[in-house]
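Asks: Structure for the following, please:
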Amino acid sequence: MGNRSLDDFRDDGTVEPAVSTYVARRGECAACGASAERRWQGEDGAVCPDCKEW
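Replies: Okay, here's the model as predicted:
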């Protein structure tokens, strides 16, 4: 490996925003309408474990 300058490691400022995959509060499943304590992001929105495609 050759010598590299610090510019080779510099951040260009483009950072992908974080995406939530889990909702830790009770709410309605976007797919079936059931009340669920924990929901995950699915194609329909926040969905219960039974509707989540794993």
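
Asks: OK, contacts around residue 44?
Replies: Neighbouring residues of residue 44 by Cβ atoms under 8 Å, 6 or more residues apart in numbering: 30, 31, 51. Backbone N, C-alpha and C define where each C-beta goes, glycine included.

Asks: Pick out whichever of those sits closest to residue 38.
Replies: residue 51 (12.0 Å; Cβ to Cβ).

Asks: separation between residue 22 and residue 14?
Replies: Computed as Cβ to Cβ, to the nearest Å, the residue 22 to residue 14 distance reads 25 Å.

Asks: Adding secondary structure, write the contacts of residue 44 out as a markdown table.
Replies: Compiled in a markdown table, the contacts of residue 44 are given as follows (DSSP: H, G, I helix; E, B strand; the rest coil):
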| residue | secondary structure |
| --- | --- |
| 30 | coil |
| 31 | coil |
| 51 | coil |
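
Asks: tell me which of those is nearest to residue 41?
Replies: Closest to residue 41 out of these is residue 30 (9.3 Å), distances taken as Cβ to Cβ.

Asks: how about the strands in this protein?
Replies: Assigned by DSSP state E, the chain shows strands spanning 22-23, 27-28, 35-36, 39-42, 45-47.
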